[in-house]
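Peer 1: Provided below are the primary sequence and the corresponding predicted coordinates.
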Amino acid sequence: MKHIKYLVLSILIVIGFASCNYLDVVPDEVATEDDAFATVQAAENFLYSCYSYIPNPRSGTGSIDWFTGDEIVTAFEHETFAHFPKGNYTALNPIISYWNTLFSGIKQCYMLINNIDKTPNLDQSLKDDYVAQAEFLIAYYHFLLVRNYGPVILIKEEPQLNTAPEDFLARSPYDGCIDWIATKFDESAARLPETRPSDRMGLATSVAAKSIKARMLLYAASPLFNGNSMYSDFKNPDGTNLMNLSYDVEKWVEAKNAAKAAIDAAEAVGHRLYQPSDANFSDLPEPSDHVQRGLRFTLVDKSSKEHIWIDARGEGFYSLQNKSRPFYENYSWNGISPTLAMLDRFYTKNGLPVDEDPEFNFDGRFSPAVFTEDDPNGEGQTQTMNLNREPRYYAWISFHGGYYESTGNYNRSSGQWAYAPENLRGIDNKKVLTRFTRNETAGIRNRANNYSPTGFLNKKGVHPASNSGVGHREYPWPVVRLGELYLNYAEACVETGDLDEARIYLNKIRERAGIPTVEESWGSIGVSLTRDKLREIVRQERMVEMYMEHQNFWDMRRWLLAEEYFTAVPEGNNIMADQFTQFAERTPLDGREVPGGNAPNITREFNSPRNYLMPIPYSEVQKNKNLVQNPGY
Amino acid sequence: MNALLIYNQEQFNLNNISSGTDTSLGRLYNALPQRGQSLAGRLSYAYDNKYMAEFNFGYNGSENFAKGNRFGFFPSVAVGYNVSEESWFEPLLPVVSYLKLRGSWGLVGNDRIGGERFVYMSSVNLTGAGFTTGIDQNYSRSGPVFNRYPNYNLTWETGEKVNLGFDLHLFNDLRIVADVFRENRTNIFQQRGTIPTYLGTANTAVFANTAGVRNQGFDLSVDYTKQFNRDFVVQMKGTFSFAQNEVTRYDEPIDQQYPNLINVGYPLNTHLGYIAEGLFIDEAEIANRPEQQISGNVGVGDIKYKDVADKNGETDGMITGNDRVRMGYPTVPEIIYGFGPSIRYKKFDFGFLFQGAARTSMMLSGMHPFGTNTRRNVMQWIVDDHWSPDNQSVDAGYPRLTQIDHGNNTAGSSFWLRDASFLKLKNAEIGYSIKNMRIYVSGSNLLTFSNFKLWDPEQGGGSGLSYPTTRVFNVGFQMTIN
C-alpha cells in the first residue's frame, strides 16, 4: 500500500515535469536578420552599413597610408601608425590590418544583394541602385585588399559559415584578381548614376567606379606587380604561380585607356580642376595670392568640382588639421612636419627640381637669407630654400619666416604665443607669422611633445577657417580627384611611349600649380624630354601634387623605390637651437648631439622585399591550409 | 535503506531591469524571469554500518539552451566500506583504530556559460555600423552588425569525476585522509577558433561546445592530536594537494605547421613564450643569427631568441610568433600545501600555520620603461642591472633600455619567466589566558620564503605594481562575561 502511494506520486511528478514548457523563456522581441530588411528605411540603413567597412582615410592614428610614408615626420612617434615607418609589423602583430574588416564588408555587401528582395514596397530603381552600389563596394574592398596584400582570395559569392576546411579558398593569381575586379567595376559603373544629390554625396557613382579602376590598373602595371622577379617563389600550395614574372606593356596600355575613360566620364559630368576663382570665401581673404589661394582651397572646399568621390565621415579632433597648426594649448599640436626629402621635391618658381635649376643655390639651401620687402611669401630672416619656390610650396608648407593661414583666440595665456597680436599678419589678420627657432612661437620651447621635429609645418588640408581655440573646420575628404586622374594618365602615357599626350596632361597640372610647362622649364636649361626624363618628371609631379593624399605609401612601393626612400634618416633643421644660424643647419634626426641638446631620434626601417606587401594575420594562415603567407613573413 | 525524490522548479525575478546593463536588449533580458526545472533523486543503502552504497541522479533543465537540448542527466554512484568494522579486523584496532575505503563516480553538469542568457540565439545590433554622406557631412545612417551567429546545438558542459580515497586513523591520535581523483570535462563552451575571417566572420562570434579538459591529482591531509597531560596538548595539521590538468580538446587548427602553439596536450594557464638565449654581443652576431621579426630595430644588447623547428624538423630562419613554446608551470600552482601546530601549555596557547605553493611560474611584464612618449621611467632593480654601452654584460638582468616601446625585449619569453613557488608563514598567534580573560598577539603573512626576491610571489606575475599583500599584526584582549 505504502509503495503504491510512492509510485503514484513519482509518476505524477514525472508527468507534471514533462508536460509544461516551463523553460520556454525565449523572448520574441529580439532583433533578427529579417528585421534588417523589414522596411524601406531598414534597407537604406543596411546599404550604409555596407559602406561602413571602408577604412576611414582620415583616422589619424589608424590609417595605414597617411602619416606613414616619408613625406612627414611627426611628434607622435608613440601612436599606432608610427610603427609602420619603423618596420615594426609582422604576421603575428600586423599593427594595422584591414584583412578582417574588408572581408566582413564583402560579406555584408553580398547579404544585401541576396536579401534586398525581402524589402516590401521598395522601388525597383532604388533596389537596382542599391545592388549596383553593393557590387561597387565588393570591387572596391577587393581592390583595397589587393593593394595591401597582392594576390588575394576572391569572394565571388556569399561565403557560407559551414564550409568544410578542405574547401577553404586559396589566393587567386594577381592578374586574375585584377581582371575580375576590373570587370566588377565595369559592371557596377554601367548601372550606377553619374552623380549624386548633395546629401547623398559619398555614395558610389559610375565616375567613381571608373576612377578607382584607373587607379587599380595603374598599380597593376607598375614595376612591383609587373614582371617582378622577386616573386619567383610566390606560389600557392598546389604550385600555381601567384605573380606573373614577365613584364607586359599591355598592362600600361590598359591603365592608360582606363584613365582616359575615367577622365572623359568625369569631364562629361562637369568635373574640372579647381581654379582660384572658385574660392569664394569672402570671410577668408588669406591666402591672398591668386594661385596659392586656389591650391590651398583645392582640398578643403566642399563644393569643389574637382572632387570625384568623397568620404563624408568627420575628421575628428585628433587628426590632420589640429595636429598641423602652430601650437595652441589643447587645440593645435604643431606636430606634422614635412621632411627635407619632401621639401626638396617641390619645384622652384621656374618649375624645375631644386637640384636642376641653375638659379637655385642647392648646396647652400640651408643657409640664412632674408625676404625682400616686396616678397609676399614671408618676412625677415629665413633660409635660402624658402625663396623663389613654386606656389604649391607656399600654399602647403609652413617655414621659418613664412605665414600660416589660420587664426586663434588669443587671450594672453601661455601656450598661445603663435597667435599673439604681434604675430598676426595679412588681410583682416587672417594669418600668422611662424618662426621655428627653439623659443619662438612655433618652436619646441620646453615641451617634450607637440613640436615640429624638422622646423617646418604642414598646411595642406588645413582649412584656413580653422580657429585654434575653437577647432578645425570640417570638410569632406576627396578620395579621388580629377588631378590624380590626369597624373595617372600622364604616367601611363609615358610608359606606353605616348610622350606628347603625357606632356599635355602634365602641363594641365603645372598650369594650375602656377609653374611653366615642362617644355618651357626644361627647355630653358637645355634638357631634352626623353622617355626616361619624363618618367622622372611625372613621378616627381605626382609626389608634389598628391602630397599628403594617401599616395606616397603606395607609390614608393609600386615604383620599387621604398627600399631607398623609406630607410633614409629623415632630416630637417636643428630645432633645438635658439639662435637662427645654429637652427639653419642641416640635421639628420637620429638623436645626435646638436647645439641646444639632442636632435629628435626618428628611426626608419624598410625590409626589402617583404615589406612591399603587408603580412596576412598569422591566425588566418593557420586556420586555412590553402592560404599562403606573403613572402618573407 | 533510504530513498528520496525531489521535483524542483524555480523562478528568479530580477525586478530591476536596469541592473548591470544599459542596452535595450539587456533590459529585455532582465525583465524575463530566470527559470530552472529539475528532478533529483537519491537511493542510499547501508548494511550493518559496514557496507554503504549511494546512488544519486539529477535530471536538470536549463533555460539557457534551445528546445531539445535543455535537459541533462547526471547520475552518480558512491560506495564505502568500513573495513575497521569487520569482525576479522578487531585485533588490528589498537593500531588502526579506523579504516574506511571509499570510491565514487559521477557526472556533473554546468549551464552557466557564455556570460549572458540565450547564447544559442543570434545577436544582431541593428544600428551597429554607421556611415555618413553629404556635402555637408550631415546625412548618417546605421545598419546591422551581426555580433553572434546562432548555434541551436549548445548544451550542458559535462564533467565525469572518479574519486578513490581512504580514511585512516592510527593509534587513535593520527588521522590521515587521502583521495585520488580524476575529472574529465567535456563539451566545454568556447568560441570557435577554426573559422577563417575571409568568410566575413571577423566581427561575429560563433560558439560551440568543443573544448575538453582533464584534471587529475590527489589530496592528503594529516591530523595529529596528542594530549600529554591536562596542561599540555599538541595538535599538528598538514595538508597537501596536487592537481594537474591538460586540455584534451580545443577548437583550433590541429595540424599546424608549428605544433608548439596548439593548446591540446598542455595544461591550462601555461605561458607561451620565446626561448631566450641571452643578449646580443655585437652586430656580427645579429647578422649571423635568424632575423628577429618580433619588432624592428634589433640592436646590440637586445635579447636573442631560439628558432624553433616546425613539425618537419625544419627551422625557417626567422624569429616570429611561431617560435614560441609552452614553458614553465601554470600560473595556478599545481601543488598547494600547508602545515602547522597548535599547542596549549598551561596558560599559553601557541599556534602557527605555514602555507605554500609549488610548481607554478610567472611571467614578468609591464615593468619595461614606462611613461610618456619622451620621458620614461624604470624601476630600481632594472637600473641596477641592465645592459648598456658602458656595461656590456651579456648576463645583465635587463637588456638595453630604449626610449620607445621595444617589442623585441618586452615579448613574453624565458628571459622573463620566474619560479613563483613560495612558502609563507601565514598565521602565528601566541596567547595567554587567565581565568576568563585572554591576551594574544597574532600576525598574518609574516614571512615569505621564495626563490623570487623582487616582490611577494603571491601577487603573481606582471610588474609587481599592483596593490601588495598586506601584513597584519594584532594585539588583542578577550574577556568572557557571564
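Peer 2: Looks like it arrived, so ask away. Numbering: from 1, shown residues only, chains lettered A, B, ... in the order given.
Peer 1: what sits against B:I434?
Peer 2: B:K347 (CB atoms under 8 Å, 6 or more residues apart in numbering or on different chains). All C-beta atoms are positioned from the backbone trio N, CA, C, and that covers glycine.
Peer 1: got phi/psi on the residue of the stretch 251-400 of chain B at minimum distance from chain A?
Peer 2: Nearest residue of the stretch 251-400 of chain B to chain A: B:G321, at 3.0 Å (CB to the nearest CB). For B:G321, the backbone dihedrals (degrees, to the nearest 10) come out as phi -60, psi -20.
Peer 1: which ones are touching the residue nearest to it when sequence neighbours are not counted?
Peer 2: Spatial nearest neighbour of B:G321, excluding adjacent residues (CB to CB, 6 or more residues apart in numbering or on different chains): A:L92 at 3.0 Å. Neighbouring residues of A:L92 by CB under 8 Å, 6+ apart: A:618, B:294, B:320-322.
Peer 1: pull the most distant pair out of those residues.
Peer 2: Comparing all pairs in the contacts of A:L92 by CB to CB, the longest separation belongs to A:Y618 and B:I294, at 12.2 Å.
Peer 1: what packs against the strand ranked longest in chain B?
Peer 2: Criterion DSSP state E: the longest strand present in chain B is strand B:207-229. If contacts are counted by 3 or more CB pairs under 8 Å, 6 or more residues apart in numbering or on different chains; DSSP states H and E, strand B:207-229 sits against strand B:174-191, strand B:232-249.
Peer 1: and the last one, which residues are buried?
Peer 2: Of the residues in strand B:232-249, B:235, B:237-238, B:240-243, B:245, B:247, B:249 count as buried by neighbour count, 16 or more other CB atoms under 10 Å in any protein chain shown.
Peer 1: returning to what we had before: and the residue of the stretch 251-400 of chain B closest to chain A, how many residues sit next to it?
Peer 2: A total of 18 residues lie near B:G321 under the criterion other CB atoms under 10 Å in any protein chain shown.
Peer 1: got the contact list for it?
Peer 2: So B:G321 contacts A:90-93, A:618, B:261, B:294 (CB under 8 Å, 6+ apart).
Peer 1: same check, this time on A:N257
Peer 2: If a contact means CB under 8 Å, 6+ apart, then A:N257 has no contacts.
Peer 1: how about it, secondary structure?
Peer 2: What DSSP: H, G, I helix; E, B strand; the rest coil gives for A:N257 is helix.
Peer 1: from chain B, how far out is it?
Peer 2: 30 Å (CB to the nearest CB, to the nearest Å).
Peer 1: distance check, the closest residue in space to B:D456 that isn't next to it in sequence against B:D405.
Peer 2: Spatial nearest neighbour of B:D456, excluding adjacent residues (CB to CB, 6+ apart): B:T469 at 5.0 Å. Distance, B:T469 to B:D405, by CB to CB, to the nearest Å: 29 Å.
Peer 1: hmm, A:G294 is touching A:R512, no?
Peer 2: Yes: using CB atoms under 8 Å, A:G294 is in contact with A:R512, at 6.9 Å.
Peer 1: any shared contact partners between these two?
Peer 2: Overlap of the contact sets of A:G294 and A:R512 (by CB under 8 Å, 6+ apart) consists of A:274-275.
Peer 1: could I get the contacts of B:G321 as JSON lines with distance to B:N312?
Peer 2: Formatted as JSON lines, the contacts of B:G321 follow (distance: CB to CB, whole Å):
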{"residue": "A:T90", "distance to B:N312": "22"}
{"residue": "A:A91", "distance to B:N312": "19"}
{"residue": "A:L92", "distance to B:N312": "21"}
{"residue": "A:N93", "distance to B:N312": "25"}
{"residue": "A:Y618", "distance to B:N312": "19"}
{"residue": "B:L261", "distance to B:N312": "15"}
{"residue": "B:I294", "distance to B:N312": "23"}
